[in-house]
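Engineer: Generate coordinates for the sequence data below:
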Amino acid sequence: MEKDTVLVVDDSEIICTIIKDILESSSLHIAIAHSGEESIPIAKTIRPTLILLDIMMTGIDGYETCKILKEFPETKDIPIIFITGNNDSESVLRGFEVGAADYVSKPFIPEELKARVKVHMQNVRSQRELQVLMKELKEMAITDYLTKLYNRRYFMEKLHEYVESDYTEFALILFDVDNFKYINDTYGHNAGDITLVSMSNIFRLMLSEENTVSRWGGEEFLVFLPNSDLEHALKIGNKLRREVEKYTFICENIEFHCTITGGIVKYDPELSVEKNITCADQALYQGKSLGKNLCICYSDS
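Structural biologist: Reported below is the predicted structural model:
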């Protein structure tokens, strides 16, 4: 289990030792700094879960140290508990004004110190869990649950943003898995899922970072190629198609192969985004009618 870290900042060796003896455990590591100046690079490097900061120190005091720590992105969100021998309302209020989360008075009551640290550690853990949850929810909103590619809605949003930014030199490839029903009927629906996931991985590996691929629906994938003409898009489309063709799919120790057909369109700014995709779809089905396992460029002639 990964340990949390509390950074104790106090110019008294005795105080640091007392705090360490009270708090250190199998799940909590205590780091020490003996001045505000020393604490800042340490905090930026180790990024502790919590900081216990003495107010009255030689050099820069706790108030100034706290203000500096709150200025750096690496340390600004770390809760700071002030250690103070002056628990008058003015001192406490000033501590909160510079960003402290709490304070603890000297001399320490061990159980109070433990309790205050525990509360703030739990708050930090809750924030971490919330951040993880928010990240997962965001990913769920923009990705396909099976392939983890961008979903259709998010892909369309990004495509419209690209068009509205006046960068309209791009091509689209709409791929469809050939004979997908046969794969499901012959090897089972689990084989169909494996096919889609494996194909998604092939697309990720073969396409550069500037290109985007989404699961368009069912067994269809839509690829966005910025700064591409038809010649370049056809080259990319055939590269992907050949990679899929030679790949061996495996489901429950059964090996099988499949192919894809692609319809390619160079974006026409005179048409809507949706109409351009319809043109790619028409080219795709022309490819299907010509025998599958090929890429066809759309032509309105």
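
Engineer: so what pLDDT did the residue lying closest to residue 102 once chain neighbours are set aside get?
Structural biologist: Using Cβ to Cβ, 6 or more residues apart in numbering and skipping residues adjacent in sequence, the residue nearest residue 102 is residue 81, 4.6 Å away. Where C-beta positions appear, they are placed from N, C-alpha and C, glycine not excepted. Looking at residue 81, its pLDDT reads 94.

Engineer: Same check on residue 2?
Structural biologist: pLDDT, residue 2: 68.

Engineer: What are the structural domain limits within the protein?
Structural biologist: For the chain, automatic domain parsing gives the domain ranges 4-135, 152-297.

Engineer: isn't residue 104 right up against residue 111?
Structural biologist: No - applying Cβ atoms under 8 Å as the test, residue 104 and residue 111 come out as separate, 11.5 Å apart.

Engineer: Could you check which of those two is surrounded by more residues?
Structural biologist: Neighbour totals were compared for residue 104 and residue 111, and residue 104 leads with 18 against 9 (other Cβ atoms under 10 Å).

Engineer: so how far is the strand or helix carrying the more buried one off the chain centroid?
Structural biologist: If you go by DSSP states H and E, residue 104 is part of strand 102-105. The chain centroid and the centroid of strand 102-105 are separated by 36 Å, computed with Cα atoms, centre = their mean, to the nearest Å.

Engineer: Quick one: the strands in the stretch 201-301 of the chain, in order.
Structural biologist: Secondary structure of the stretch 201-301 of the chain (DSSP state E, counting those that start in this stretch): strands located at 212-217, 220-226, 249-251, 254-256, 260-266, 295-297.

Engineer: Just name the most buried of the ones you listed.
Structural biologist: Across the strands of the stretch 201-301 of the chain, averaging neighbours per residue (mean count of other Cβ atoms under 10 Å) puts strand 260-266 on top, at a mean of 26.

Engineer: which other residues reach that one?
Structural biologist: 170-178, 199, 228-230, 233-234, 237, 240-241, 244-245, 276-277, 279-288, 292-298 (Cβ atoms under 8 Å, 6 or more residues apart in numbering).

Engineer: Mind checking which of those residues land in helices?
Structural biologist: 199, 230, 233-234, 237, 240-241, 244-245, 276-277, 279-288 (DSSP state H).

Engineer: wait, what's in contact with the nearest residue to residue 5 once chain neighbours are set aside?
Structural biologist: Among residues not flanking residue 5 along the chain, residue 48 sits closest, at 4.3 Å (Cβ to Cβ, 6+ apart). Residue 48 is in contact with 4-7, 31, 78, counting by Cβ under 8 Å, 6+ apart.

Engineer: what's the neighbour count on the nearest residue to residue 251 once chain neighbours are set aside?
Structural biologist: Residue nearest to residue 251 in three dimensions, not counting chain neighbours: residue 191, with 3.9 Å by Cβ to Cβ, 6+ apart. Residue 191 has 20 neighbouring residues, counting by other Cβ under 10 Å.

Engineer: circling back to that earlier point, ok but the residue nearest to residue 5 is inside a helix, no?
Structural biologist: No - per DSSP: H, G, I helix; E, B strand; the rest coil, residue 48 lies outside any helix segment and is coil.

Engineer: Tell me the spacing between the closest residue to residue 262 other than its chain neighbours and residue 43.
Structural biologist: Computed as Cβ to Cβ, 6+ apart, the closest residue to residue 262 that is not its neighbour in sequence is residue 295, at 4.0 Å. Residue 295 sits 55 Å away from residue 43, going by Cβ to Cβ, to the nearest Å.

Engineer: before we move on, what about residue 186?
Structural biologist: Taking Cβ to Cβ, one finds residue 186 at 61 Å from residue 43.

Engineer: For residue 271, grab phi and psi.
Structural biologist: phi -110, psi 160 (degrees, to the nearest 10).

Engineer: quick one: the closest residue to it other than its chain neighbours and residue 169, what's the gap?
Structural biologist: Once flanking residues are discounted, residue 271 sits nearest to residue 279: 7.4 Å by Cβ to Cβ, 6+ apart. Per Cβ to Cβ, residue 279 is found 16 Å from residue 169.

Engineer: Same question for residue 285.
Structural biologist: 26 Å.

Engineer: Next: residue 143.
Structural biologist: 27 Å.
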